[in-house]
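Asker: I need the structure of the sequence given here:
(2 chains)
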Amino acid sequence: MASNKKYWKSEAELNPNDSIVETLRQNEFTEQIPVDEFLGDKENLSASNTNRRDFLKYVGFSTAAAAVAACEGPVHKSIPYVVQPDNIVPGVANYYATTIADGFDFASVLVKTREGRPIKIENNTDAKVNGSANARVQASVLTLYDSKRVQGPSANGEPVEWMVLDATVKAKLGSLKGSNRQIVLLTQTYASPSTDKLIAEFKEAYGENVNHVVYDAISEDAALNAFNAAYGERALADYDFEKAELIVSFGADFLGDWQGGGYDSGYAKGRVPKHGKMSRHIQLESNMSLSGANADKRYPMTPTQQKVALAKLYGKLNGSSVGGGTSDVDEAVDKVASELKKAGSKAVVVTGLNDVNAQTVVLAINKLLASEAFDAKNPRYVRQGDTAKVGKLIADMNAGRVGALIMDGVNPAYTLPNAEEFVTGLGKVDVSVAFAFNNDETAQAAGYVAAASHYLESWGDAQFKKGQYTLMQPAIRQLFDTRQFQTALLTWMGSEKAYYDYIKETWSADILQGGSWNKALQDGVFAASAPVAQEEGAVAASQAEAEEAEGESTVVPIASAIRSLVNATSAGTELVLYSKVGMGDGRQANNPWLQEFPDPISRVSWDNYVTVSKADAEKWGVENKMVADGGVNGSYVKLTVDGKVLESVPVIVQPGQAVGTVGLSFGYGKKAGMQAEMATGVNAYTLYTNFSDVQSVTVEKAAGEHEFACIQSQKTLMGRGDIIKETTLEIFNTKDHAEWNHMPQVSLNHNEIPVTSPDADLWDEFDRSIGHHFNLSIDLNACTGCGACVIACHAENNVPVVGKAEMRRSRDMHWLRIDRYYSSEETFEQDNEKKDGMDGLWGEKGSLGGFREMEDPSANPQVAFQPVMCQHCNHAPCETVCPVAATSHSRQGQNHMAYNRCVGTRYCANNCPYKVRRFNWFLYNNNDEFDFNMNNDLGKMVINPDVNVRSRGVMEKCSMCIQMTQKTILDAKRDGRVIKDGEFQTACSAACSSGAMVFGDVNDHDSKVAKLKEDDRMYHLLEHVGTKPNVFYHVKVRNTNEA
Amino acid sequence: MKKVLYRHLFSKILGFSLLFFSISFYAQEEAAAAGGGDPAKGKQLFNQNCAACHALDRKMTGPALANVEARLSEDQGLDKEWLYSWIKNSPGMISSGDSYANAIYAEYNQAAMTPFPTLSNQDIDDILAYTAAPPPAPAAAPAASGGGDGGSAASGGISNEVILGALALVFGLLVIMLILVNKTLRRIAEANGVVLEQEKEKRLPIWKAFAKNQFLVLVSAIFLLLASAYFAYGWMMQVGVDQGYAPVQPIHFSHKIHAGDNKIDCKYCHSSARVSKTSGIPSLNVCMNCHKSIYQYAGNPEGPSAEDLAAGHTNDFYTAEIKKLYKAVGWDEENQSYTGETQPVQWVRIHNLPDFAYFNHSQHVSVAGVACQTCHGPVEEMEVVEQFAPLTMGWCVNCHRETNVKIEGNAYYEAIHEELSKKYGVEQLTAAMMGGIECGKCHY
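Answerer: Numbers count the residues shown, from 1 in each chain, chains lettered A, B, ... in the order given. Have a look, this model is predicted:
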């Protein structure tokens, strides 16, 4: 029976007198389609020379012409070298050991070059200190090919010759010699023995009024001064986290950029349970940092609370009573103190509080504990900035006491909180020379811009840690008319010497102790066997500085330090400034790889933002919300610090952020010398008053919403323990692995059988026992989430950059992502219990409300990182649905993707349970809409010639670096030898310095990866799907054993 | 008459050249007698030991050596003894402070001459005898023979034309005769009253008959469609396949001369084929390894073949191409030095795989030991190189299916072969069995 129900399409239909409704009943549109306007104009139509037949002829002809033209191949030219360099064979990569020491990142690395072009940065495994490249160092190879580089020297904006610049500077320096006006070298930290010696010689040449000021954009002043006071050298204590069984960190993000970074590999080694033991990590911090995310126990605390806690902790350890201060930290302090006492010399305490008192107390605690992980004898030199001197310099400049200012590796007009003051002062300096890489804020303000070379074009050396030397050598000739600072300094001193010879002489005289220069250069690193007898340049200079500094800085006796710490109070909300692993201090902000790199914690790319705790967000009425296009939007706030205002800062509600604090990262908001697309975020340096990373801030909600490019909108696992499996050390040690690493069961004839059983399988198994069978092991315990692998993959596999708008649509092209999951309860364990305890739909334990609650991470959640790339399933769901067999399986365990065969149906992506396939929605190269490195000739030089650049409409994904495995095989075949374990690598496993990723051949039963596959902790992602992946993970074990 | 004249000319030329050679021989013998050396032996020694750096009549790495003995004794007052010691131990002479030795050392960019302690005085005498003999005039003999060749070729051409013309004439006459006979016979028949042409029955034209037979139409339509589909497919399959592509190169480099006549190994110039994915177009400094001393093309002793001449490949032509190389690499022949002004050669690429296909030369050349000719064809016979193989995927895959892997002596393969033969009892492995036809092995 037909229904008599009446349907309305709109409310207007209810009004019977509505004329529009009447019209629409008869017609599709209310108005006539204006055909007459077009066809009615008979005059025009008949006057036209093109009739229908002509039109068809044109169409036919042009189609045929296009078809014919397409048949003829273009003529390709091949231009060989006129004289081929001895060490270059076209098609074969060369590796050189070099060093990055750009003032923020210090690492010994290998550079892979092809036909003379550096294309990739690798870790230097010979290095004992900082031999691993973090995400920024991995990306630094692209910075070499930055299209916004300064291409030659200029004077007041006009290009000049170096000769002109040299003459001017020399004349000025000569005239200033002996006068009472200063010649100031304002530089980055070099940690370079040769540069220190050179500057000392420069001082000799130009007299007493030469002043060398070292300036770090993000200051470690407090730590340097505290160490200086305690040990008489302006340096940083070194820590070996591998030796520590208990790590207590007061706001030190030592897995990030704390004190120069590079601690993650040692840390990760201690985190893998061996013989039932692993280190325990307690983090007390305000922002959710990488270190906090990896901690076993994390206490969210404001910086003020941290200070009080630190003071009280010292009291507990010392046996003295420390009175006063807030009592809300007492519980935490008690626990930490008892654990520390128990661990004794196996414990270490670190702090990131930029406060001399706090740093002094930490040094005292480590001394008190006699910590084995603490090394003050061989300190690090990777931060040497002196903020007091910088402050004095600005005052001097404004007072007209500076005659010449030469800057290198710094951008004070951007990074100084009082940048205007600096720029005004710069105007009063007679000759100002900025060695600049981009035409940045400082270069624009300076009189002369000296085009600076990239580190891959320069010679240099460095001493990261006492006795650990490293060499920097150019991997390519200067791309432009650039010069490195040291060469210029030599020229201005009237020396004819090349800086290379200068380094060589310095090394032979002071460092090598008879060792071979060529070997040191080949290895890139040199470890002094015994403490070098006073390297003249470095130590003399730093000691002189130390003496000076001692006069200025107040040497704090421990008692007064404790007193001032415990009495720390805060006025309102505290703003904690930090640096992101993807951006650092912002010197590589024009690097699209880094801009597109999602922050490991927030998973936001192309932005910085203020992180706010959930409680504070509710208080201020700010929020994050998902919008219809799948993106995340955030409210804006206005930040006011001491009268300085930052308008329209977007908000990210950050689980784990200590209530009463907000966080904001450095490195963004740079405008000068940048491509428009890359000028993102707000400049946090403007709030960096007195170089203190903690500021009292007023937060007000502002109008509008910010569109984030956040690529992970789901924050929690919702208790799905088969994605990230984790357990506690206690359970891991005491119980059978079936209990904490449960194998999913499926029902076969009403009997439960493990899903890996051949009976449960739909498919016939291939025989993969012969030849190679590649597997990738990922240890969730060792993975710190640093993201070096993401950028390494970017560089190796020519992954395109898609830009903020496309990232927001979740169309990122990263072959490798690092998922970050929060727990909705305090721990993942509680999540699972909650999920398992659900009963019915509604009610107290109902799943409707329950799951909604589980979507929200807890205020202080546990965090887990999980790198996910193509899992290379042996029974791949993507392969069976491809209509053109573009993706297929190999005997070696790799899932192949033939791009030229793909027609872009995207069935495979839909059928992939891991969501690791990436579709080229657009042409990302040679396309002005995506004006990144693949759209200019310079940026294209970084492209790996062994890997395809994919085109539009093609699916792509991780290939398990088949170009690298094939090369390893070929090398072995050519040498006629069997492949050893460790030779097979992927870009990610080679980049992973923490040892979380291990790649190899499981058919080689003695290989590391084969052993890891037999480990009790091994599990596959979504095992119950039965895809039998060739990537496997290791259960994350948390050390919750409280002492 | 003509032929007779030619014969006379021939015999005369023969006579003259014989005379000429005998005279020169006589002259050489005379010189040999004077210096005590054998110029024939000397020539051999010279080519073996000296020719890399010295020519008789021009400066190369070292000075021109024609009449060197006489020149030295006249200009410098140096005797044969000086030459003996210089040739046997030139660095020693330089270090001993001999003035002329040092002068010549300085003149030739301080490039010391390789000492030849193994040469005996007699050997050196032989060489000197060879250098003392006036170098054979290069122009006379080839010019004469060239003229002779040209003459004979021309005469051959004329005779062919004559024969053809005569034949045409004969056939023309035959045709005319036939027509005439026909006409006469017709006339006779008419005169005799024989009826020649009878009215034939009106038959259906063949095309109409064909159109009426539907079966035939159907079959032929199907046949036509199939045939056109076949050809269309064939045509489409060759789109982008440049088999036989032989572009004109900026320098006419003859692989026939280098790899064929002179038997230079392919991998001497294309050395990176051993270790790299690219075979590598040799850089110009590789050319100069030989062409520093080979400044002109002397060709085969009999002179250019008719074929070469037809293509314009005279000796002068090839010499001009060598000059192009000098210009590109910036080699100043006069001063035997590089000017530094280079013009890299823009070769036209012949074998061009698409970017999505990965091919590695070293895998095939060094590991598999595949001869270059397998894929590139008889390059040593090609005056102009052309693409020999289709370079299609089917062609690659076929070879991978059919070719056995070279296992012997390669520990990598032996290890795998051991496993495989144990498992499946396979004696021989093809590349395909090793996974050589999996997509991802070439497409990534």
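Asker: now the helices for the stretch 1-150 of chain A?
Answerer: A:19-26, A:35-39, A:42-47, A:52-71, A:135-144 (DSSP state H, counting those that start in this stretch).
Asker: And the stretch 51-200 of chain B, by the same measure?
Answerer: Counting by DSSP H, counting those that start in this stretch, one finds helices in the stretch 51-200 of chain B at the ranges B:68-71, B:80-88, B:90-95, B:99-107, B:121-132, B:140-192.
Asker: So which bits of the second one are buried?
Answerer: Counting neighbours by 16 or more other Cβ atoms under 10 Å in any protein chain shown, one finds that the buried residues in helix B:80-88 are B:Lys80, B:Trp82, B:Leu83, B:Tyr84, B:Trp86, B:Ile87, B:Lys88. C-betas here are computed from N, CA, C, even on glycine.
Asker: Closest residue of the stretch 51-200 of chain B to chain A?
Answerer: Proximity of the stretch 51-200 of chain B to chain A (Cβ to the nearest Cβ) peaks at B:Asn109, 17.1 Å away.
Asker: tell me the pLDDT at that residue?
Answerer: Here the pLDDT value assigned to B:Asn109 is 74.
Asker: Name the nearest residue to it, sequence neighbours excluded.
Answerer: B:Ser337 (7.2 Å; Cβ to Cβ, 6 or more residues apart in numbering or on different chains).
Asker: For that neighbour, name its beta-bridge partners.
Answerer: Listed by DSSP bridges, the beta-bridge partners for B:Ser337 are B:Asp332.
Asker: on that earlier part again, burial of the residue of the stretch 51-200 of chain B closest to chain A, as a residue count?
Answerer: As a burial measure, B:Asn109 scores 10 neighbours (other Cβ atoms under 10 Å in any protein chain shown).
Asker: now do the one 5 residues further on
Answerer: Residue crowding around B:Thr114 was assessed by other Cβ under 10 Å; the count is 13.
Asker: Mind telling me which residue of chain A is nearest chain B?
Answerer: Using Cβ to the nearest Cβ, the single residue of chain A nearest to chain B is A:His896, 2.9 Å away.
Asker: Name the helix or strand for that residue, please.
Answerer: For A:His896, the element it lies in under DSSP states H and E is strand A:895-897.
Asker: looking just at contacts, which helices and strands does whichever helix or strand comes after that strand meet?
Answerer: Remark: after strand A:895-897, the chain's next helix or strand is helix A:907-911, criterion DSSP H and E. Where contact means 3 or more Cβ pairs under 8 Å, 6 or more residues apart in numbering or on different chains; DSSP states H and E, helix A:907-911 is packed against helix A:877-881.
Asker: list the buried ones in the helix it packs on?
Answerer: A:Pro877, A:Cys878, A:Glu879, A:Val881.
Asker: Up against chain B, what does the stretch 901-1043 of chain A have?
Answerer: Within reach of chain B by Cβ under 8 Å from any Cβ of the partner chain, the stretch 901-1043 of chain A has these residues: A:901, A:946-949, A:959, A:962-963, A:966, A:969-970, A:972-979.
Asker: any idea how far A:Ala404 is from A:Ile394?
Answerer: According to Cβ to Cβ, to the nearest Å, A:Ile394 and A:Ala404 sit 16 Å apart.
Asker: err, A:Asn895, not the other one
Answerer: 61 Å.
Asker: hey, where'd the helices end up in the stretch 801-950 of chain A?
Answerer: Under DSSP H, counting those that start in this stretch, the stretch 801-950 of chain A gives helices at A:804-808, A:828-836, A:847-855, A:877-881, A:907-911, A:937-940.
Asker: swap in the stretch 251-400 of chain B?
Answerer: B:255, B:266-269, B:284-291, B:306-310, B:315-329, B:361-362, B:372-376, B:393-402.
Asker: now check the last one, is it near chain A?
Answerer: No. Judged by Cβ under 8 Å from any Cβ, helix B:393-402 makes no contact with chain A; its nearest approach is 9.7 Å.
Asker: tell me which residues in that helix are buried?
Answerer: Buried-residue list, helix B:393-402, by 16+ other Cβ under 10 Å: B:Cys396, B:Cys399, B:His400.
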